[in-house]
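Chemist: Kindly return the folded structure for what I paste below:
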Amino acid sequence: MLNPDDIKVVGDRLLDRNWRMNNLYHIIDTTGQVVPFRMNESQAEFWGGMWWLSVILKDRQRGFSTLIALFILDSCLFEPNTQAGIIDITLPDAQKKLAKIKFAYDHLPKSIQQRIPLTTDAKTTLAWSNGSRVDISTSHRGGTLNILHISELGKIAARKPDVAREIRTGAYNTVDKENYIFIESTAEGQEGEFYDVCQDARNAQLEGRHLTVLDNKFFFFGWWMGFKNEMDPEGVVVNATTAKYLDIVESKIGRVLGPRKRAWYQKKLNQQRDDMTREYPSTPEEAFQASVDGSYFSQEMARARKEGRITSVPYNSAYPVDTFWDLGFDDSMTIWFRQRIGSQNRIIDYESHNGEGFPYYAKLLHEKGYLYGKHHMPHDIANHELGTGLSRLTAAEDLGIKPIEPVKRPRDIEAVLAGIEEIRSFLSTCVFDAERCDAGAKDESGIKCLDNYKKEWDERLGTFRRSPLHNWASHGADAFRTGAVGLKDETDLIYRPPDGIAMSEKDWRSITGANEHSVAFNMEDD
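Modeler: Numbers count the residues shown, from 1 in each chain. Now for the predicted structure:
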């Protein structure tokens with residue numbers, strides 16, 4: 001720690017922000033010791049490329065909240081009248097960041113504290129005699145800020161979408177151009193404010209667009225970056241599945257993952273299990289594909305990815321295609337397309353559209369050229385329309401969409417949860433075509449619906465309710481439930497090829513066209 005007399009020796013170096021950030025401040029390290037702050041590899045990389053508006057997608061424990069806290073303190077002390085704000089998912093979380101600022105200030109040389117004393121030291125505010133101040137909250141509107149730090153926007157958007165929108169429309173607009181906004185978070189599903197801002201910023205990066213002072217610059221920090229996530233590999237067995245996965249990661253990131261990193265990943269995976277790709281992603285895409293807090297099917301979808309069951313699944317004309325429907329409001333309809341081959345359910349296609357009637361869907365089904373089996377639809381397909389007196393079932397069958405199998409729609413929470421359990425069982429037998437089941441609108445692709453179908457968040461109790469959140473993901477999930485429940489009572493689930501067509505191949509990889517990295521999937525007949 002610098003003594004008062006040290007300031008005389010430091011001299012003009014106090015005018016250099018880079019020197020101050022790596023020499024003037026103290027923090028508590030991971031062992032609980034008070035130590036001088038020195039930027040680690042990730043912090044230094046970010047510091048070297050920092051922009052006016054920075055969005056950081058990261059894994060755990062990179063130290064960005066500490067770096068930003070010290071940047072805020074440094075600005076408040078050496079740039080009079082700096083106004084800063086910190087937003088976090090809860091007030092206690094925001095208070096922890098304010099406490100980092102207060103700790104670093106308390107451990108400054110006394111001569112600096114005497115020159116710029118604190119005038120307000122409260123739970124939600126720090127203010128200094130030079131007119132600078134820091135305020136914390138779970139949102140922010142009004143006033144003018146020079147620095148805004150938004151932490152865990154991914155979780156805020158997932159649990160409190162209205163608050164996330166308020167942050168965008170309110171807090172963002174308190175920061176004028178050529179001032180700083182820092183957004184840092186782990187990913188939380190493929191929707192919401194954090195997902196959108198990351199996608200926009202990353203697209204600009206990939207396209208090499210010139211950034212203006214009102215554009216976000218994208219930063220990604222994966223688990224493999226730097227030397228932090230490593231360990232002695234002696235005695236650590238990296239299993240075949242993990243080894244294949246890490247081989248694929250190497251090809252994506254263009255660098256070798258040595259034994260120390262592989263050993264760390266295996267041990268951390270054993271601990272984090274299905275949450276590994278969310279907490280320690282390898283790529284930005286993986287971060288957003290990872291499990292979502294409160295997601296009903298996080299484990300099943302993670303397992304499908306791990307086993308290579310989201311791949312290329314061509315249509316096989318020897319087998320009929322069944323469809324699963326959800327009939328939403330305002331003519332919104334969602335359809336899954338499934339073939340049963342052996343004990344495997346191949347989900348080969350997905351459609352979701354609004355504002356179209358059955359003539360549109362009859363034409364769409366015909367143009368796909370599939371040989372159809374049964375069309376599973378919610379039982380209210382049989383309801384009679386007030387205007388015509390005819391049921392929607394009759395209208396659909398008159399257009400050639402038949403035979404239709406009505407499936408009872410759940411009317412209470414217990415029936416909904418029972419249907420969700422049917423989906424979980426059904427998912428374990430499914431292989432998805434990655435391209436066609438992700439086709440359609442950005443937020444309404446089939447696989448994303450299953451990833452993001454989640455429980456409602458109870459803000460008062462701070463926990464998830466039993467009931468599902470009704471959002472864009474509901475339609476795809478409800479259609480999938482129609483199929484899972486409708487197929488439950490089938491007496492003959494195995495479709496066999498016509499005479500003259502042998503199914504001697506038992507390895508699903510060669511049938512679906514999966515690559516050599518895919519994991520074998522049991523395809524023995526029931």
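Chemist: Okay, strands next: where are they in the stretch 101-250 of the chain?
Modeler: 118-121, 125-128, 133-137, 145-151, 175-185, 216-221 (DSSP state E, counting those that start in this stretch).
Chemist: Looks like residue 193 contacts residue 153 (just checking).
Modeler: Yes. With contacts counted by C-beta atoms under 8 Å, residue 193 reaches residue 153, the gap being 6.1 Å. (Glycine included, C-beta is placed from N, CA and C.)
Chemist: if you go through the stretch 251-400 of the chain in chain order, where are the helices?
Modeler: In the stretch 251-400 of the chain, the helices defined using DSSP state H, counting those that start in this stretch lie at 259-272, 276-279, 284-289, 298-306, 358-368, 392-398.
Chemist: Show me the shaky parts of this protein.
Modeler: For the chain, the stretches with pLDDT under 70 are 1-11, 290-292, 328-331, 384-389, 439-444, 459-462, 489-526.
Chemist: can you list the domains in it?
Modeler: Using automatic domain parsing, the domain parsing of the chain gives 6-221, 229-291, 310-512.
Chemist: Next, format those as CSV and append distance to residue 302 and mean neighbour count.
Modeler: Below are the domains of the chain laid out as CSV (distance: least, C-beta to C-beta, whole Å; neighbours: other C-beta atoms under 10 Å):
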stretch, distance to residue 302, mean neighbour count
domain 6-221, 13, 18
domain 229-291, 4, 16
domain 310-512, 9, 17
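Chemist: Find the residues that touch each one of residue 193 and residue 153.
Modeler: Overlap of the contact sets of residue 193 and residue 153 (by C-beta atoms under 8 Å, 6 or more residues apart in numbering) consists of 164, 167.
Chemist: Residue 21 and residue 27, how far apart?
Modeler: Residue 21 sits 12 Å away from residue 27, going by C-beta to C-beta, to the nearest Å.
Chemist: Can you check which residues contact both of these two?
Modeler: 37, 70.
Chemist: mind checking which of the helices of the stretch 251-400 of the chain is nearest residue 423?
Modeler: helix 298-306 (8.0 Å; C-beta to C-beta).
Chemist: Report the angle between the closest one and helix 259-272.
Modeler: Per axes from the mean of the first three to the mean of the last three C-alpha atoms, to 10 degrees, the angle that helix 298-306 makes with helix 259-272 is 150 degrees.
Chemist: Identify the residue nearest residue 117 in space, chain neighbours excluded?
Modeler: The spatially closest residue to residue 117, leaving aside those adjacent along the chain, is residue 129, at 5.2 Å (C-beta to C-beta, 6 or more residues apart in numbering).
Chemist: can you pull the contacts of the one you found?
Modeler: 116, 117, 118, 119.
Chemist: and if you look at residue 128?
Modeler: So residue 128 contacts 76, 77, 116, 117, 118, 119 (C-beta under 8 Å, 6+ apart).
Chemist: Out of the strands of the stretch 101-250 of the chain, which gets nearest to residue 360?
Modeler: Counting by C-beta to C-beta, residue 360 lies closest to strand 216-221 out of the strands of the stretch 101-250 of the chain; the figure is 38.4 Å.
Chemist: Walk me through which strands that closest one pairs with, and which way each runs.
Modeler: Strand 216-221 has the following strand partners under DSSP bridges: strand 53-58 (parallel).
Chemist: Taking their axis directions, the strand it pairs with and strand 175-185 sit at what angle?
Modeler: Orientation check (the same axes, to 10 degrees): strand 53-58 against strand 175-185 gives 0 degrees.
Chemist: Cool, thanks, talk later.
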